[in-house]
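1. show me how the following folds:
(chains A and B)
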Number of protein chains: 2
Amino acid sequence: MAIELSIKNIDNGGGPFGAVIVKDGVVVAASGNSVTNDNDPTAHAEVNTIRAAAKKLGTFDLSGCEIYSSCEPCPMCLGAIYWSGIKRVVFASDRYSAASAGFSDEMIYNEITLGNHERTISMEQGLSVEGEKVFEVWEKYPGKIPY
Amino acid sequence: MAIELSIKNIDNGGGPFGAVIVKDGVVVAASGNSVTNDNDPTAHAEVNTIRAAAKKLGTFDLSGCEIYSSCEPCPMCLGAIYWSGIKRVVFASDRYSAASAGFSDEMIYNEITLGNHERTISMEQGLSVEGEKVFEVWEKYPGKIPY
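-> Prediction:
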C-alpha cells in the first residue's frame, strides 16, 4: 500500500514516497510526500503520516502503531518515529536507492554521525548558560507534560 | 530571542524550546515547541519554525536563512534543517542538558548512528525490488521537481 501510494504521489506532483501507519491491524493514516506541493521541507511521507495519525488518534504518543514506508526513513523521519513512540518500521527501498535517484537521505545520515564542527553546515553554540537555565524553569513548572 | 521564546513557551503549555529563522538580518519566523498542545510529535520548535518560514517565503528552499535555537537540534530537527537548505545553526543548550531534563535527543543521536538491526526499535526491509522500481518511474516522470 505504501509503494502504491508512492507511485500515485508522483502523478500528484509529489516526491516518490508513501507511508502507512497501522494500529492493531487497522490502517490509521496514509500519506505521500508533499514537500513541493505544500512548500514544506518537512513534509516527507512518514512525517505527514505521523502527523495525520496523531491528529486522528488525538495523542502525540503513537506507541502501539507500526509504520510502513516505500523507502527507508531519512534521519528526520527516523527521529520523528522515535519521538512518536512507534517501535516497528517496515520499508521497501533503502537510502542507497534514494541517493541514486537524487535524494539526500544517505548524505544526511553521514552528516548526522559527524561532530558539530565536522559538518558541511556551520553549527555554533552560544549563550549556553542562559540556555541551560530554561531547563531549570521547566523542571520547576508544575503543569509540565512529559513527552 | 529563541531562549526568551522557550521560557514563554513553558507557560503556554509547550515544551521548553524555541527557535527563530532569520534571513538577511530580518526575522522570518519564530516558534516554540507545540508537541503536547497540538498532539503532534513532530512539532518541535525548529520544525515548526521551518514550516512557518517556508510558508511565509512561499518555497521549500530556505537556503540563505539561518536558524537560532534555544537548544541543539535533535536528529529530526537537524534532518529538517538539511532538507530545508539552511546552512548555519546557532544553539544555546545542548543534547546533554536536554537529556538531563528528561528529553530523548541524545538517545536518538545514539540510535541513528547504529545499523538498522542494532536499534531498540524493529526495522525490517521487504519488497525492495518493488520499492526500487518507484524510483525508475520517478526518473522517467517529466514533471518532477527536484528537492
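
2. quick one, strands of chain A?
-> Shown for chain A, the strands assigned by DSSP state E span residues A:18-23, A:26-32, A:65-71, A:88-93, A:122-125.

3. around A:Gly14, how many other residues sit close by?
-> 25 (other C-beta atoms under 10 Å in any protein chain shown). Any C-beta I mention is one placed from the backbone N, CA and C, and that applies to glycine too.

4. which residues touch it?
-> Listed by C-beta atoms under 8 Å, 6 or more residues apart in numbering or on different chains, the contact set of A:Gly14 reads A:Gly32, A:Asn33, A:Ser34, A:Val35, A:Thr36, A:Asn37.

5. ok, 7 Å please
-> Contact partners of A:Gly14, counting by C-beta atoms under 7 Å, 6 or more residues apart in numbering or on different chains, are A:Gly32, A:Asn33, A:Ser34, A:Thr36, A:Asn37.

6. chain B: which of the residues you listed is nearest?
-> Lowest distance from chain B to the contacts of A:Gly14 (C-beta to the nearest C-beta) belongs to A:Thr36, with 4.4 Å.

7. give me phi/psi at the nearest residue to that closest one once chain neighbours are set aside?
-> Excluding the flanking residues, the one nearest A:Thr36 by C-beta to C-beta, 6 or more residues apart in numbering or on different chains is B:Ile145, at 4.4 Å. Backbone torsions for B:Ile145, taken as degrees, to the nearest 10, come to phi -110, psi 110.

8. roughly how far does B:Ile145 sit from A:Ser34?
-> B:Ile145 sits 12 Å away from A:Ser34 when distances are taken as C-beta to C-beta, to the nearest Å.

9. the two: who's more crowded?
-> Using other C-beta under 10 Å, the more surrounded residue of B:Ile145 and A:Ser34 is A:Ser34, with 22 against 12.

10. beta partners of the closest residue to A:Asn9 other than its chain neighbours?
-> Closest residue to A:Asn9 apart from its sequence neighbours, by C-beta to C-beta, 6+ apart: A:Gly32 at 3.1 Å. Taking DSSP bridges as the rule, A:Gly32 bridges to A:Gly18.
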